[in-house]
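here's my sequence, what's the structure:
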Amino acid sequence: MMGSSMYGYGIWGLLLNILIVLLVVWVTVTLLNRSGSEGSGNNERIARVEKDVEDIKNMVRDIKDKLDEI
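I've put the predicted structure just below:
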């Protein structure tokens, strides 16, 4: 059993193992890149929410000032 691999003996088994490792690495990198591209959409949503919060704060401040005048 010395020198044998899971997929056969010799250089062909070694090459097949290397190809499988490269395939797993490629799939992992591809999935990580896809998940990273969705992050930009989240950043835009956060920016819109922050802008909406600032608008609401300004409206509340204006209403408070008007109530103080009354």
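
select the longest helix from the chain.
Looking across the chain with DSSP state H, the single longest helix is helix 39-69.

now that one, how far from the chain's geometric center?
Helix 39-69 sits 27 Å away from the centroid of its parent chain (Cα atoms, centre = their mean, to the nearest Å).

how far away is residue 54 from residue 33?
33 Å (Cβ to Cβ, to the nearest Å). Where C-beta positions appear, they are placed from N, C-alpha and C, glycine not excepted.

again but with residue 44, I slipped
Taken as Cβ to Cβ, the span from residue 44 to residue 33 is 19 Å.

also residue 43?
17 Å.

kindly report the same for residue 12.
Distance from residue 12 to residue 33, counting by Cβ to Cβ: 32 Å.

just residue 57 next, same as before
Separation of residue 57 from residue 33 (Cβ to Cβ) stands at 38 Å.

break the chain into its domains for me.
Taking automatic domain parsing as the reference, the chain has its domains at 1-37, 39-70.

can you tell me the average pLDDT over the helix or strand that residue 33 is a member of?
With secondary structure defined by DSSP states H and E, residue 33 is part of helix 10-37. Per-residue pLDDT over helix 10-37 has a mean of 83.
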